[in-house]
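1. Sequence and computational prediction follow.
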Amino acid sequence: MDQLSEGPAASAGRLHTRICDLFGVRYPIVQTGMGYVSGPELTAATAQAGGLGIIAGGAMGFDELQTAIRRTKELTDRPFGVNLRASQPDVQRRVELLISEGVRVASFAQAPEEQLIRHLKDAGVVVVPTVGARRHAEKVAAWGVDAVIVQGSEGGGHTGQVPTSLLLPQVVDAVDIPVIAAGGFFDGRGLVAALAYGASGIAMGTRFLLTSDSTVVERVKQVYLDATVNDTVLTSEVDGVPQRLLRAGSIKALLDTSGPRRYVRAARNAITYRRLSGVPWRDMVREGVTMKQSHELRWRQVFMAANAPMLYRTALVDGDAELGVMATGQVVGLIDELPSCRQLIDRIMAEASDVLVELTG
């Protein structure tokens with residue numbers, strides 16, 4: 001684990017951790033791969049500012065991902081990563097794309113198979129899955145991953161039930177690989193706290209979404225900026241798996257509806273999104289039945305899950321906060337402005353350095 005050095009003169013060195021060398025970046029700060037948010041612009045801006053930017057490959061088609069990688073390489077010559085879903089049918093093809101394009105880091109929202117990890121590592125790609133439990137960290141560490149992102153329940157999107165302050169020390173004590181803390185981080189104080197727990201850095205999603213480099217529609221950013229720490233909800237209504245979302249728009253309407261009326265509202269959403277997406281009813285029904293059987297979902301969750309990608313896109317790309325769904329961490333309530341990625345990262349590092357000097361001075 002990374003240790004804090006002693007003495008104020010060492011503050012800069014203390015902030016250079018194992019992941020800086022592992023990823024080839026200047027600062028121990030990671031921008032997570034957020035679907036419909038982390039495209040080439042945000043990824044490259046993070047990389048240029050000294051952090052690790054990650055393209056949200058899991059929300060892209062193959063050709064779209066290829067274009068995004070090449071565009072990012074045009075915008076920066078610094079290392080960046082690509083997030084993949086291990087369950088994607090063409091994940092092997094995507095892995096080969098990362099290798100052929102020279103992508104530095106492959107991150108996964110779910111643990112990839114051991115064989116896939118070995119293949120990436122043999123090709124020189126750094127493998128970093130996100131985990132939400134100690135046992136998951138131990139499992140992937142035994143398989144040979146290079147580092148893990150540990151997300152506590154404060155984090156946005158799919159997340160677990162254990163707070164970062166409890167989950168992080170558990171994982172740090174259980175594995176020897178670098179651990180990156182996620183869930184609740186937004187400033188230099190948080191970075192120092194993570195390092196004190198033994199982490200090698202922090203990963204942030206919501207904080208990077210709310211930057212001037214983020215391509216999320218401005219009126220949707222304002223919805224985030226207006227939120228408080230009490231305006232998020234951890235719910236399984238979207239796809240049967242717990243997600244932290246803004247309690248707004250269609251999610252608020254759904255949660256405020258009880259009993260059979262929830263089914264009516266969810267079905268109405270499904271009709272709306274089918275019209276927007278153009279997906280044939282037979283394909284939606286087939287996918288819905290499969291999800292219901294494999295995840296034991298209620299039918300209202302099936303209706304929502306079948307349209308989950310469109311739900312996110314509607315808000316984050318199209319700018320319709322009333323109809324769409326917005327993932328967020330609880331930290332949203334502590335954010336009130338939109339700096340550039342460079343301003344954000346520089347500020348975090350300056351704050352962290354000041355905190356370390358104050359603690360040891």
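-> Nice, I can see it. Here the structure is a predicted model, which means the values were calculated and not measured.
2. Show me the contact partners of stretch 132-149.
-> 18-19, 22, 30, 32, 107, 111, 114, 117-118, 121, 126-131, 150-152, 159-160, 162, 167, 170-171, 174-182, 200, 203 (CB atoms under 8 Å, 6 or more residues apart in numbering). C-beta coordinates here come from the backbone N, C-alpha and C atoms, glycine included.
3. 7 Å - rerun?
-> Residues from elsewhere that reach stretch 132-149, judged by CB atoms under 7 Å, 6 or more residues apart in numbering: 19, 22, 111, 114, 117-118, 121, 126-131, 150-151, 159-160, 170-171, 174-175, 177-180, 182, 203.
4. do the same with stretch 156-166
-> Residues contacting stretch 156-166 (CB under 7 Å, 6+ apart): 109, 132-133, 151-154, 181, 183-184, 205-206, 241-244, 327-329.
5. ok, and for that stretch, which residues are buried?
-> 156-160, 162, 164 (16 or more other CB atoms under 10 Å).
6. Please apply the same query to stretch 55-71.
-> Those would be 55-60, 65-66, 68-69, for stretch 55-71 by 16+ other CB under 10 Å.
7. So for it, mean pLDDT?
-> Confidence over stretch 55-71 (mean pLDDT, whole number) is 95.
8. neighbours of T32, just the number please.
-> Other residues lying near T32 total 30 when counted by other CB atoms under 10 Å.
9. List the contacts of it.
-> 54, 182, 203-205.
10. which of those count as buried?
-> Counted by 16+ other CB under 10 Å, the contacts of T32 give 54, 182, 203-205 as buried.
11. between those residues, which is closest to L316?
-> In terms of CB to CB, no member of the buried ones among the contacts of T32 lies closer to L316 than G205, at 12.1 Å.
12. Quick one, grab the pLDDT at V279.
-> You'll see V279 listed with a pLDDT of 58.
13. now E237
-> For E237, the model assigns a pLDDT of 72.
14. before we move on, the earlier item: buried subset of the contacts of stretch 132-149?
-> 19, 22, 111, 117, 121, 126-131, 150-151, 159-160, 170-171, 175, 177-180, 182, 203.
15. Strands - which of those residues land there?
-> Counting by DSSP state E, the buried ones among the contacts of stretch 132-149 place 126-131, 150-151, 179-180, 182, 203 in strands.
16. what's the closest of these to D226?
-> Looking across these and measuring by CB to CB, the closest to D226 is A182, at 23.7 Å.
17. all strands of the stretch 1-150 of the chain, in order?
-> For the stretch 1-150 of the chain, the strands defined by DSSP state E, counting those that start in this stretch cover 29-31, 52-56, 81-84, 105-108, 126-131, 148-151.
18. what's the fourth one packed up against?
-> Contacting strand 105-108 under the criterion 3 or more CB pairs under 7 Å, 6 or more residues apart in numbering; DSSP states H and E are the following elements: strand 81-84, strand 126-131.
19. Touching it from outside, list them.
-> 23, 33, 52, 54, 81-84, 86, 98, 120, 125-130.
20. Indicate each strand paired with that strand and its parallel or antiparallel sense.
-> Strand pairing for strand 105-108, using DSSP bridges, gives strand 81-84 (parallel), strand 126-131 (parallel).
21. follow-up on the earlier one: can I get the contacts of T32 in TSV with distance to L338?
-> TSV is the format used below for these (distance: CB to CB, whole Å):
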residue	distance to L338
I54	20
A182	21
A203	20
M204	14
G205	15
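22. Report the backbone C-alpha coordinates of stretch 68-85 in PDB.
-> Below are the C-alpha coordinates for stretch 68-85, written out as PDB (Å, rounded to 0.1, in the frame of the first residue of the first chain):
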ATOM      1  CA  ALA A  68     -13.700   7.300 -30.100                       C
ATOM      2  CA  ILE A  69     -10.300   5.800 -29.400                       C
ATOM      3  CA  ARG A  70      -8.800   7.200 -32.500                       C
ATOM      4  CA  ARG A  71     -10.300  10.700 -31.800                       C
ATOM      5  CA  THR A  72      -8.900  10.600 -28.300                       C
ATOM      6  CA  LYS A  73      -5.500   9.800 -29.700                       C
ATOM      7  CA  GLU A  74      -5.800  12.900 -31.900                       C
ATOM      8  CA  LEU A  75      -6.600  15.000 -28.900                       C
ATOM      9  CA  THR A  76      -3.800  13.800 -26.600                       C
ATOM     10  CA  ASP A  77      -0.600  11.800 -26.800                       C
ATOM     11  CA  ARG A  78      -0.900  10.800 -23.100                       C
ATOM     12  CA  PRO A  79      -2.100   7.500 -21.700                       C
ATOM     13  CA  PHE A  80      -5.800   6.800 -21.300                       C
ATOM     14  CA  GLY A  81      -8.100   3.900 -20.700                       C
ATOM     15  CA  VAL A  82     -11.300   2.300 -22.100                       C
ATOM     16  CA  ASN A  83     -14.000   0.800 -20.000                       C
ATOM     17  CA  LEU A  84     -15.600  -2.400 -21.200                       C
ATOM     18  CA  ARG A  85     -18.400  -4.700 -20.100                       C
END
